[in-house]
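Chemist: Model the structure of this input:
(chains A, B, C and D)
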2 protein chains.
Amino acid sequence: MKEQTVSRRARLRVQTSDEIKTIALQLMADGGPGAISLRAIAREMGMTAGAIYSYFATRDDLITTLIGDLYTSAVEAGESARDAVPPTDAGGRIMAWARAMREWALANPEGFRLIYGDPVPGYHPPEDGPGKAAELRACTGLLGLVAAAWPTAQAHRGDDRHYDWADFTPGLVAHAREEFPDLPPAALALTMRVWGRMHGLMALEIYGHLRTLTHDPASVYHDEIRDLITSLGLTL
Amino acid sequence: MKEQTVSRRARLRVQTSDEIKTIALQLMADGGPGAISLRAIAREMGMTAGAIYSYFATRDDLITTLIGDLYTSAVEAGESARDAVPPTDAGGRIMAWARAMREWALANPEGFRLIYGDPVPGYHPPEDGPGKAAELRACTGLLGLVAAAWPTAQAHRGDDRHYDWADFTPGLVAHAREEFPDLPPAALALTMRVWGRMHGLMALEIYGHLRTLTHDPASVYHDEIRDLITSLGLTL
DNA sequence: TGATTTACTACACGCCGTTCAGTTAACGAC
DNA sequence: GTCGTTAACTGAACGGCGTGTAGTAAATCA
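Modeler: Purely as a prediction, here's the structure:
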């Protein structure tokens, strides 16, 4: 039973590590991202703050891990909503993704803030890491939605700037050309615009800037996504 | 010289208060919003932290004031860029506003974070106050841009939801109907969508989510705004 | 000139992240 | 089964934070 020997300690370690993350998420849920403090987590666990340093090198490390987990869960929400719509319905898949993302954000507003905002003064996300991996996965999802719309979107496009592969980072280019070999560079730019369009109203809503204006942000958002879909030459 | 008597003390007070705000903005500029601490400000001024409480009841009060100032400066940047374009060129005015906003955000990234993000753990903006006043002013600016586009935009609109005045907050409705009596409720929804569309890519860029994707976020943003303008039935 | 208001200091409280020497318990090898 | 090793954890400390409060000194007002 050599494979038994990796357990006990390791199992307890994973378990404790998960408990730290769970409590951190819970603290964040009621109290905002700023409520994530090593001391508060340790207090909740009946430990001292220093003990957490056995699991995470620093508080920012913990936050980076949390961001990765949250981002992954958001992307998975979008993916499964998208996959519930047949691939032939490109517009419907975009709407499904967009709605799922907004609903995830409304259900996890603090998570949204952690991913897209300033989680903590002084925190700066690392260039790589789980957060970036999840972001790339989200980009891939959006790129797929754009790819499905590309034939019709091309006809509806205005006089955009001409884009080269060199306008984008090598990592993204390699990834995109591997996943969708037929797409031109302009599709990457369009993907970012789609992302921005979904993100804008969502961010304003989550950060409370729409609350003082309208009682029905959902309708505004849905109209916006509908307009996005028709602007890609699709129907709903 | 009774009007003289309001000076000296009052003048020094205003001066000190301005110095506090200036130093706070400077601390924010190099160090992020989280670097705004009463102790750091006081240290920079050769005072103790407690002294600042003579000028601002709490740190959140100071931040609220800063947000008001910053937001006002952003809106003024947009307004003056817009006013440099003749009112007959509705599309050009939208582009001018959008470009000015993005340039302001790039020049004051920490200010943008302060206005639209989580400046500090635990800080929640008050429902009224200078920040909200500036936001209303920004809304008015956008509403004016939409109003100029409304005749053509109507023709290009899809099958949006029907909006009533009751879908919006009384304050906004009163303000909008006073400034632009001819606009229907749907124009308010469109204004929010325009706002969201400008905000989305800007927020992603400021928070660093585009940096790992493209070297030319400006072009993407400008294409997006161009598309927005044509979707309103305008030309550029 | 005397009373009062104001700006400010000094100090205290409890919070925070982080570090580190020391203790305890589990582990792997013999 | 015992022993050296390693990992988890404690407890105390350091410096920094926002926020109060008591007291002082100066400017203002009557």
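Chemist: use CA for all of it now, contacts and neighbours both
Modeler: Noted.
Chemist: wait, isn't residue A:39 in contact with residue A:51?
Modeler: No: here residue A:39 lies out of contact with residue A:51, judged by Cα atoms under 8 Å, at a distance of 9.8 Å.
Chemist: Would you map out the domains in chain A?
Modeler: If you go by automatic domain parsing, the domain ranges for chain A are A:1-57, A:58-231.
Chemist: least reliable of these going by mean pLDDT?
Modeler: Note on the domains of chain A: domain A:1-57 shows the lowest mean pLDDT, a mean of 85.
Chemist: For DNA strand C, what's the nearest residue on chain A?
Modeler: residue A:37 (2.8 Å; Cα to the nearest atom of the strand).
Chemist: Render the CA-only coordinates of stretch A:42-58 in PDB, please.
Modeler: C-alpha atoms of stretch A:42-58 as PDB (Å, rounded to 0.1, in the frame of the first residue of the first chain):
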ATOM      1  CA  ALA A  42      -7.600  31.700  12.000                       C
ATOM      2  CA  ARG A  43     -10.100  32.900  14.700                       C
ATOM      3  CA  GLU A  44     -12.900  31.100  12.900                       C
ATOM      4  CA  MET A  45     -10.800  27.900  12.800                       C
ATOM      5  CA  GLY A  46      -9.500  28.100  16.300                       C
ATOM      6  CA  MET A  47      -5.900  28.700  15.300                       C
ATOM      7  CA  THR A  48      -3.500  31.500  15.300                       C
ATOM      8  CA  ALA A  49      -2.800  33.700  12.300                       C
ATOM      9  CA  GLY A  50       0.700  32.500  11.800                       C
ATOM     10  CA  ALA A  51      -0.400  28.900  11.300                       C
ATOM     11  CA  ILE A  52      -1.900  29.900   7.900                       C
ATOM     12  CA  TYR A  53       1.600  30.600   6.700                       C
ATOM     13  CA  SER A  54       2.100  26.800   6.600                       C
ATOM     14  CA  TYR A  55      -0.500  26.700   3.800                       C
ATOM     15  CA  PHE A  56      -0.100  30.000   1.900                       C
ATOM     16  CA  ALA A  57       3.100  32.000   1.700                       C
ATOM     17  CA  THR A  58       1.300  35.200   2.000                       C
END
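Chemist: Contacts for it, please.
Modeler: A:17, A:20, A:23, A:38-41, A:62 (Cα atoms under 8 Å, 6 or more residues apart in numbering or on different chains).
Chemist: cool, stretch A:89-104 as well?
Modeler: With contacts defined as Cα under 8 Å, 6+ apart, stretch A:89-104 is touched by A:74-75, A:77-79, A:81-83, A:85-87, A:145, A:148-149, A:198, A:202, A:222, A:225-226, A:229, A:234-236.
Chemist: Check stretch A:156-172 too.
Modeler: So stretch A:156-172 is contacted by A:136, A:173, A:185-186, A:189, A:231-233, B:212-216, B:219, B:223, B:227 (Cα under 8 Å, 6+ apart).
Chemist: could you point out which element follows the lengthiest helix in chain A?
Modeler: Assignment by DSSP state H gives helix A:130-156 as the longest helix of chain A. Using DSSP states H and E, the helix or strand that follows helix A:130-156 in sequence is helix A:170-179.
Chemist: Who's the closest spatial neighbour of the residue positioned nearest the centre of chain A, skipping the chain neighbours?
Modeler: Closest to where the C-alpha atoms of chain A average out (Cα atoms, centre = their mean) is residue A:71, at 4.1 Å. Leaving aside its sequence neighbours, residue A:71 sits nearest to residue A:134 (Cα to Cα, 6 or more residues apart in numbering or on different chains; 5.8 Å).
Chemist: how close does that neighbour get to residue A:140?
Modeler: 10 Å (Cα to Cα, to the nearest Å).
Chemist: More neighbours: which of those two?
Modeler: Set residue A:134 next to residue A:140 and count neighbours by other Cα atoms under 10 Å in any protein chain shown: residue A:134 wins out with 21 against 18.
Chemist: residue contacts, that one?
Modeler: So residue A:134 contacts A:68, A:71-72, A:75 (Cα under 8 Å, 6+ apart).
Chemist: Just give the number of residues close to the closest residue to chain B within chain A.
Modeler: Relative to chain B, the nearest point of chain A is residue A:200 (3.4 Å; Cα to the nearest Cα). When neighbours are counted by other Cα under 10 Å, residue A:200 registers 24.
Chemist: hang on, the earlier thing: from the contacts of stretch A:156-172, which would you call buried?
Modeler: Taking 16 or more other Cα atoms under 10 Å in any protein chain shown as the criterion, what is buried in the contacts of stretch A:156-172 is A:136, A:173, A:185-186, A:189, A:231-233, B:212-214, B:216, B:219, B:223, B:227.
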